[in-house]
Structure formats: C-alpha cells, structure tokens
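Enquirer: no sequence for this one, just the structure:
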C-alpha cells in the first residue's frame with residue numbers, strides 16, 4: 001500500500017510539474033529566448049496552446065481521480081487504474097489532436113465522438129467519487145437534456161460539450177487550470193515552508209491570553225490562514241488540530257468548539273487576497289480584474305470576522321471561561337522578528353495591485369517564498385543558498401538582457417526557482433529537505449485540486465447546456481416572475497437556491513450555476529452586477545456550513561469527537577451573521593468599494609448603514625440564540641433584540657433612517673441598560 005501511495009505521489013508531482021513548466025509562460029518564453037540567442041526556427045509542434053494544456057490537465061485529473069478515490073476503501077485495484085487510464089485518454093486526445101481539430105472545426109469524426117463520450121461519462125463518474133452523488137446526478141440530467149435538445153445526435157452533443165471552448169473546457173475549467181492550480185500550489189508550498197505554523201504561533205501570542213483565548217486564536221488564525229489558502233476544510237484541519245482540543249480543555253463544549261473553528265475557517269474563502277476558488281471565476285463573468293474582487297472582499301471579510309470575534313467573546317463570558325496561561329503563550333517579540341514569513345503575501349498583493357494576472361502574482365510570490373526559505377532555513381548550508389541565488393541571478397540577467405521587463409522576468413524566475421530547488425536537493429544531499437518540501441507541495445496540490453477542477457468541468461457542462469438550449473434565460477425570467485420582481489423575495493429565493501446547491505456541490509460549481517441562472521435575475525431588478533455575483537459567491541461559501549451536508553462543520557466535529565448534527569446546527573447559527581452582510585452589500589453595493597463612483601455624502605451614508613446593519617443584525621441574532629449579550633438575557637431582552645432585527649431589515653430594504661431605531665433597540669436590549677429603566 002505504501003508503494004502504491006508513492007506511485008500516486010510521483011504521478012501527481014509529475015503532472016503538477018508539467019503545469020509549472022509548460023502552462024504558465026515559462027516554456028514558451030524560454031524557447032523564444034533560445035531561438036533569439038542561437039537564431040533557430042521553432043517548429044510549430046513545439047508551441048503548446050492553452051487548450052492543449054487543459055487537455056493534459058484533464059488527463060492528469062482523470063488518471064488520479066480513479067486511484068485517489070477508488071471504488072473500494074481498501075485502496076485502488078487494477079480496474080481503478082484501468083478506468084483512470086481510459087479516462088485520461090480523453091484529455092490526451094485533445095492534447096495530441098488539437099491542431100487537427102482547429103483545421104476541421106465543425107466536422108466531428110467517429111474518433112472525436114468516442115473520446116468525447118469517454119470524457120463526459122468519466123468526468124461524471126470521477127465527480128461522483130471525489131465530490132459526491134448530487135453534482136454527478138445533476139450533471140447527468142443536464143447532459144441528457146442537452147442530448148434531447150440536440151436531437152440525440154452524438155456528434156452535436158460532443159461538439160457542444162467536449163471539442164471546443166464551451167462545456168468541459170469553458171471558463172470554469174480554464175480558471176481551474178491556469179489560476180486555481182497555481183494558487184493552491186502557492187498555499188501548499190508556504191504551508192510546507194512553515195508559514196502556517198508561524199501564523200498559528202502569532203495568533204496564540206496576540207489572542208491566546210484573552211478571555212476565551214483558544215476560541216479567539218481560532219478566529220485570528222483562520223482569518224490569517226485564509227489569506228493564503230482559500231480552503232475552508234483545509235483551515236479546519238490545520239488550525240483546528242491545535243485550537244479545537246484547546247477549546248475543549250478550557251471548557252468549551254465539543255460541538256461549540258468544532259462549530260467556532262468551522263465558522264472561522266469558512267470565512268477564509270472570503271478573506272483577501274486569495275479568497276476561495278470560485279472568486280477566480282468571477283472576474284471573467286464580470287469583465288473585471290481579480291484585484292477588483294480582492295478589494296471588494298475587504299469590508300465583508302472584516303465584518304464577518306468582527307462579528308464572529310464578538311460572538312466568541314460573549315460565549316466565553318457566558319460560560320465564565322478564561323484565556324491561556326502566560327507560560328503557554330509564545331512571546332510576541334521573537335515572532336515579530338520573523339515577520340518576514342508574510343513577505344510572500346505582501347509580494348502577492350503588490351503584484352496584483354499593479355494589475356497583473358493572478359497566475360503572474362502567484363508565481364512571483366512563490367519565487368519570494370523559495371528565495372526567503374533558502375536564506376533563512378536552519379540546518380541548511382549557506383553554500384547551497386549561495387548556489388541557488390547565483391543561478392537565479394544568472395537566469396535573471398539573461399532574461400533582462402533579452403529585453404524582458406521585471407514582471408515577465410519574475411514569472412520565469414518563479415518557475416526556474418522550483419526546478420533549481422528540486423535539482424539542488426537531488427544533486428546535493430545537504431539540500432535534500434528543500435526538494436522534499438517542494439515535491440510534497442506539488443503532490444498535495446494536484447491531489448487536492450481534483451475535486452475543485454472536476455467541479456469546474458461539470459459546472460462548465462451544465463452552463464454550456466443552459467446556454468445552448470436557452471434554458472438559462474428562461475429560468476432567470478422565471479425567478480423574476482415568481483417573486484414579482486420584489487427585491488427582498490428575489491434575494492431570499494436566490495439565497496435559498498445557493499444554499500441548497502451548496503449542500504451537494506463545491507463553491508465553484510455553485511457560483512457558476514448561480515452566475516448563469518440567478519445573477520441575470522438580480523441584475524434585472526436593479527442590483528449592481530458585482531454585488532449580484534458576490535451575493536451568490538457569498539452564499540456558495542456559507543453553504544458548507546448548512547445542515548444536513550455541513551461538510552466543514554463535520555470536519556471540525558471529527559477533530560472534536562463531537563456530534564455531527566449538533567455541530568452543524570451550531571455552525572449554521574454562527575454563520576447567520578453572514579446573511580446580514582450579504583443582504584447589506586446587495587442593497588448597498590458601495591460596501592464592496594469597487595462600485596463607488598464618487599465619495600459623496602450619500603455614498604458614505606450607505607457604507608455606514610450597511611456596516612451597522614451587518615453588525616447589529618449579527619449581534620442581535622447571536623444574542624437571541626445564545627440568551628446572552630453583556631449579561632444574561634430575559635425574555636423581554638430577547639424581544640427587544642428581535643425588534644432590532646426588524647429595524648435592521650427595514651434599514652436594508654426600505655429606508656436608511658431605520659438604522660437609528662435599530663441602534664437604540666440593541667442598546668436597550670443590553671441587560672444593564674434595561675435594568676436602569678426598570679429602576
């Protein structure tokens with residue numbers, strides 16, 4: 001079994017290395033430089049197109065999905081390997097035959113149909129294994145409907161779904177191939193380099209001694225981890241392995257401890273600059289830069305974590321819990337001297353802010369992470385570090401000599417840094433640890449992206465069928481007709497659809513379907529396009545906390561050894577905070593910063609009202625549910641907080657003035673304030 005795992009790791013690393021070398025501009029730029037230096041002509045067959053890269057990416061996904069998620073739990077059998085190889089052939093066919101496909105565009109051969117059907121059928125089965133039955137069945141239903149609309153002509157179905165840049169190889173899968181993959185590698189690499197451990201230590205130092213310290217550590221650590229990982233379940237597993245046992249030790253019930261970590265980790269998908277994987281798809285639907293999505297996420301993310309932090313604080317007061325002893329808290333001063341661990345995040349933000357593509361920013365950040373590690377890693381000879389730096393500078397000089405600008409050079413050097421790191425460790429035993437770390441990150445990335453990329457492929461199939469058949473327009477109009485064009489009802493219905501879809505599908509698939517079906521309806525009733533798409537994305541993120549399929553909450557429950565159902569309900573209760581945030585920015589899109597045209601008085605008022613509505617709605621909901629806010633709440637206190645929620649809703653959907661009685665109601669609901677009036 002160990003040997004099988006090693007083989008799978010090698011295959012995963014190999015496909016990941018292909019992506020690093022060939023899919024991100026390094027290969028094509030490098031051969032162009034060689035051509036210029038030696039005055040050589042480059043044969044056309046050496047030029048690999050983006051479509052071919054997607055074909056190779058699909059081949060790797062197909063092969064690994066059947067062996068990483070075998071039919072039986074005791075490991076992959078010969079038939080899993082066979083199915084993986086057959087499935088991979090559909091991607092390799094695109095890689096090899098792409099030039100011919102372009103020459104005879106519109107003409108579908110029997111061989112095209114064979115590999116097209118293999119791709120469709122095997123993607124659905126691979127998705128069932130790696131993601132779940134719900135999305136597989138939904139995709140199958142749409143494939144059958146697409147076949148019906150095509151008059152059950154296989155050549156027409158294959159042309160629509162497999163051969164060109166629609167269906168499987170449309171925007172979602174393109175994003176998975178060229179954006180999500182490299183960001184996942186970035187997150188895995190810096191995690192392997194110890195950044196995750198540093199962030200946990202920093203969170204413990206900052207929040208550990210405070211009231212309810214372990215829970216506040218979970219909130220702080222998960223928000224920081226979310227800046228680089230964009231994975232809810234990944235955050236639960238990494239930070240939760242430390243924080244959940246500590247929360248239990250200091251008096252939190254297992255279900256509460258698991259729910260706090262799950263809620264905090266889920267917020268990582270809305271935490272800039274990395275966000276969740278679906279955020280990379282959004283700019284292509286909206287015609288914006290990814291940096292715009294990063295900026296739009298700032299206020300919603302800060303609000304989410306602020307209200308969650310208040311909830312954790314009040315829960316600690318309710319239970320009379322204290323912080324960690326000082327002897328268990330890492331001193332802050334030494335950690336501040338290691339602040340350079342956050343340099344890759346700073347590089348990522350800087351390159352994105354300059355308007356460069358997300359993959360360029362990720363590769364530049366990877367270069368900075370490796371450069372930093374070669375300089376600072378303990379037990380690593382400085383001679384090896386100097387060898388690495390010398391090679392990087394030599395390549396950098398060669399690229400700039402060829403006239404490349406600084407950012408193009410950074411991209412090439414990022415890819416080279418990975419290769420040099422691997423080679424130095426293979427040649428020099430003293431640097432083997434760096435090679436091992438890089439290989440682990442490569443393997444983890446390709447194995448980890450299987451579910452996300454397959455979800456993107458299936459979402460592309462569904463979106464393609466919706467577009468071809470005209471069903472998307474029909475369903476969007478139906479949503480407006482059902483709600484009578486009422487903004488409040490349409491948002492509620494949209495939220496419900498996103499949550500239900502998210503119970504059985506990953507966020508990218510939920511977003512793509514929502515962007516195709518729901519967003520046009522929201523825009524029709526006057527919601528800003530960015531706010532409409534972000535609303536769908538937001539609830540797609542919150543869906544994994546929603547019972548009965550609360551995947552993120554269940555991951556926390558497994559660590560806490562808590563009841564799954566109770567944990568899911570507690571996490572869902574905490575995540576209701578996000579509802580008010582989402583409805584607020586849907587009504588006041590200025591909260592997303594990007595839609596602001598001018599900083600007028602009305603704009604400022606809308607931002608303030610949106611922030612206050614989000615905070616007051618979240619606090620009031622938590623107060624009613626827990627029966628505590630700055631003191632134990634009586635029935636009358638809870639009624640006053642319920643009135644506050646009513647005013648919050650009125651301030652969002654009718655008039656900003658209602659935020660004033662909402663504030664007054666929250667103040668009056670505080671037990672000590674109410675006791676003054678009783679006297």
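Expert: Here it is on my side, so go on. Since the structure is predicted, the reported quantities are computational estimates derived from the model, not experimental observations.
Enquirer: can you pull the poorly scored residue ranges out of the stretch 551-679 of the chain?
Expert: Applying pLDDT under 70 to the stretch 551-679 of the chain flags the ranges 674-679.
Enquirer: and the helices in it, which stretches?
Expert: Secondary structure of the stretch 551-679 of the chain (DSSP state H, counting those that start in this stretch): helices located at 551-560, 564-587, 601-626, 635-653, 659-669, 671-678.
Enquirer: reformat those as a markdown table; add mean neighbour count and distance to residue 173.
Expert: Glycine gets a C-beta too; all of them are placed from N, C-alpha and C. Converted to a markdown table, the helices of the stretch 551-679 of the chain look like this (neighbours: other CB atoms under 10 Å; distance: least, CB to CB, whole Å):
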| stretch | mean neighbour count | distance to residue 173 |
| --- | --- | --- |
| helix 551-560 | 26 | 22 |
| helix 564-587 | 24 | 27 |
| helix 601-626 | 21 | 34 |
| helix 635-653 | 20 | 37 |
| helix 659-669 | 19 | 44 |
| helix 671-678 | 11 | 54 |
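Enquirer: how's the chain carved up into domains?
Expert: Domain segmentation of the chain under automatic domain parsing yields 49-169, 600-679.
Enquirer: quick one: mean pLDDT over the first one.
Expert: Per-residue pLDDT over domain 49-169 has a mean of 89.
Enquirer: now the end-to-end length of that domain.
Expert: 13 Å (CA to CA, to the nearest Å).
Enquirer: excluding sequence neighbours, find me the nearest residue to the spatially most central residue of the chain.
Expert: Of all residues in the chain, the one closest to the mean position by CA atoms, centre = their mean is residue 276, 1.7 Å from it. Spatial nearest neighbour of residue 276, chain neighbours left out: residue 269 (3.2 Å); criterion: CB to CB, 6 or more residues apart in numbering.
Enquirer: okay, now that neighbour: neighbour count?
Expert: When neighbours are defined as other CB atoms under 10 Å, residue 269 has 28 of them.
Enquirer: same thing with the one 5 residues further on?
Expert: Neighbourhood size, residue 274 [other CB under 10 Å]: 28.
Enquirer: what's next to stretch 462-473, contact-wise?
Expert: If you take CB atoms under 8 Å, 6 or more residues apart in numbering as the criterion, stretch 462-473 is touched by 138-139, 142-143, 145-146, 149, 160-161, 166-168, 170, 172, 475, 509, 512-513, 516-517, 520.
Enquirer: buried members of those residues into PyMOL, please.
Expert: Applying 16 or more other CB atoms under 10 Å to those, the buried members can be selected in PyMOL as follows:
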select buried, resi 138+139+142+143+146+149+160+161+166+167+168+170+172+509+512+513+516+517+520
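Enquirer: in helices, which of the contacts of stretch 462-473 fall?
Expert: The members of the contacts of stretch 462-473 that map onto helices under DSSP state H are 138-139, 142-143, 145-146, 149, 172, 475, 509, 512-513, 516-517, 520.
Enquirer: I'd like to know which elements the strand or helix carrying residue 96 is packed against.
Expert: Using DSSP states H and E, residue 96 sits in helix 78-103. Applying 3 or more CB pairs under 8 Å, 6 or more residues apart in numbering; DSSP states H and E, one finds that helix 78-103 contacts helix 50-68, helix 110-130.
Enquirer: near residue 151, how many other residues are there?
Expert: By other CB under 10 Å, neighbour count at residue 151 equals 8.
Enquirer: so where's the stretch 251-400 of the chain shaky on pLDDT?
Expert: In the stretch 251-400 of the chain, residues with pLDDT under 70: 323-324, 327.
Enquirer: if we use 90, what do you get?
Expert: Low-confidence segments of the stretch 251-400 of the chain, defined by pLDDT under 90: 251-281, 283-285, 287-291, 301, 305-400.
Enquirer: can you show me the helices along it?
Expert: Assigned helices in the stretch 251-400 of the chain, in chain order: 254-266, 282-286, 290-296, 298-319, 332-336, 343-353, 358-376, 382-401 (criterion: DSSP H, counting those that start in this stretch).
Enquirer: any buried residues in the longest one, and which?
Expert: This points to helix 298-319. Those would be 298-317, for helix 298-319 by 16+ other CB under 10 Å.
Enquirer: same thing with stretch 476-487?
Expert: Buried-residue list, stretch 476-487, by 16+ other CB under 10 Å: 476, 479-480, 483, 487.
Enquirer: quick one: distance of it to the chain centre.
Expert: In terms of CA atoms, centre = their mean, to the nearest Å, the centre of stretch 476-487 is found 30 Å from the chain centre.
Enquirer: who's in contact with that stretch?
Expert: 489-490, 493-494, 517-518, 520-521, 524-527, 587, 653.
Enquirer: which non-adjacent residue is nearest residue 428?
Expert: Spatial nearest neighbour of residue 428, excluding adjacent residues (CB to CB, 6+ apart): residue 384 at 6.1 Å.
Enquirer: you'd agree the one you found is up against residue 424?
Expert: Yes - under the criterion of CB atoms under 8 Å, residue 384 makes contact with residue 424 at 6.2 Å.
Enquirer: mind checking which of those two has more residues around it?
Expert: More neighbours surround residue 424 than the other of residue 384 and residue 424, with 20 against 17 (other CB under 10 Å).
Enquirer: SS state for that one?
Expert: Using DSSP: H, G, I helix; E, B strand; the rest coil, the structure places residue 424 in helix.
Enquirer: quick one, grab the pLDDT at it.
Expert: 85.
Enquirer: which residues does it contact?
Expert: Counting by CB under 8 Å, 6+ apart, the residues that residue 424 touches are 384, 387-388, 431, 434-435.
Enquirer: what about burial for those residues, which qualify?
Expert: For the contacts of residue 424, buried by 16+ other CB under 10 Å: 384, 387-388, 431, 434-435.
Enquirer: most widely separated two among the residues you listed?
Expert: 387 and 435 (13.4 Å; CB to CB).
Enquirer: quick check, residue 158 in contact with residue 121.
Expert: No - applying CB under 8 Å as the test, residue 158 and residue 121 come out as separate, 11.6 Å apart.
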